[in-house]
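K.L.:
What shape does this take:
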Amino acid sequence: MRARWLRPKTANPHKAAVIAIHDIFGYTEDIERIAQRLADNGYPVLVPDLYDLPGSKALCVVKTLKAHETGKGQTFEQLEACREWLLNQSEEAVTQVGVMGFCMGGRFAVLYASQAPVQVVAPFYGGMPKNVKEVSGICPAVGGWGRTDMIYGDHGDRLAKHMDALGVPHDIKTYEDVGHSFMNDHQTFTFKKLGPLPPLRSKFDAGASEDSWQRVLAFFEKVFAGEI
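P.N.:
Sure, this is the predicted structure:
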């Protein structure tokens, strides 16, 4: 599996790294942009290409989406390989790992964080399980959804309810006037022209994005510092 490895100029003092999980569009310049911001804030970042599996690209996408729905499969093995690699590589000192994901990656982040010993998860506008038992092992979470997203707009409320029931610290926020993918800024015709249409109403929103970044970075700092 291919993955991009970004190292910060000055690493955070908590020996923490982050796995950044792309959206349904796969590995793009946009997920690199997001990963770079994490690196600029002191986090070594590993960005896997979840579609980089043996076989045709179409088959890889199908297998990944199947894992997305079932909560099991090779994608979770890929994410676990990322976590183990981060802990075992020798270029950066890493003892703690967080996961951040968008859209499809948001759901993967939550499901993986419910199975694996990661310290924090940051999901954004992914579909959340209905049953709290599916996330019973989850770690502290910070994330965001857009209320005008007609499919996933209430899934942030769902995750927050699960977290409350489990007694796990969280900062889950739903932005009332934005839709899906508000942190993604894909420079493609499809995203810019078709994305804002119902039902997802996908569109980058600078205000909601920046507010989310501030919340994520503050929450990560507290978790990795042992304050949460």
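K.L.:
Now for residue 81, how many residues are close by?
P.N.:
14 (other Cβ atoms under 10 Å). Yep, even glycine has a C-beta here, placed from its N, CA and C like the rest.
K.L.:
which ones are touching the nearest residue to it once chain neighbours are set aside?
P.N.:
Spatial nearest neighbour of residue 81, chain neighbours left out: residue 1 (6.8 Å); criterion: Cβ to Cβ, 6 or more residues apart in numbering. Neighbour list for residue 1: 48-50, 52-53, 78, 81 [criterion: Cβ atoms under 8 Å, 6 or more residues apart in numbering].
K.L.:
Also residue 42?
P.N.:
8, 10-12.
K.L.:
could you flag which of the residues you listed are buried?
P.N.:
Buried members of those, counted by 16 or more other Cβ atoms under 10 Å: 8, 11-12.
K.L.:
Helices - which of the contacts of residue 42 land there?
P.N.:
Taking DSSP state H, every one of the contacts of residue 42 sits outside helices.
K.L.:
Closest to residue 21 out of these?
P.N.:
Ranked by distance to residue 21 (Cβ to Cβ), the contacts of residue 42 are led by residue 8 at 19.1 Å.
K.L.:
Do I have it right that that closest one meets residue 35?
P.N.:
No - using Cβ atoms under 8 Å, residue 8 is not in contact with residue 35; the gap is 10.8 Å.
K.L.:
Return the set of buried residues in stretch 73-87.
P.N.:
Applying 16+ other Cβ under 10 Å to stretch 73-87 flags 74-76, 78-79, 82-83, 85-86 as buried.
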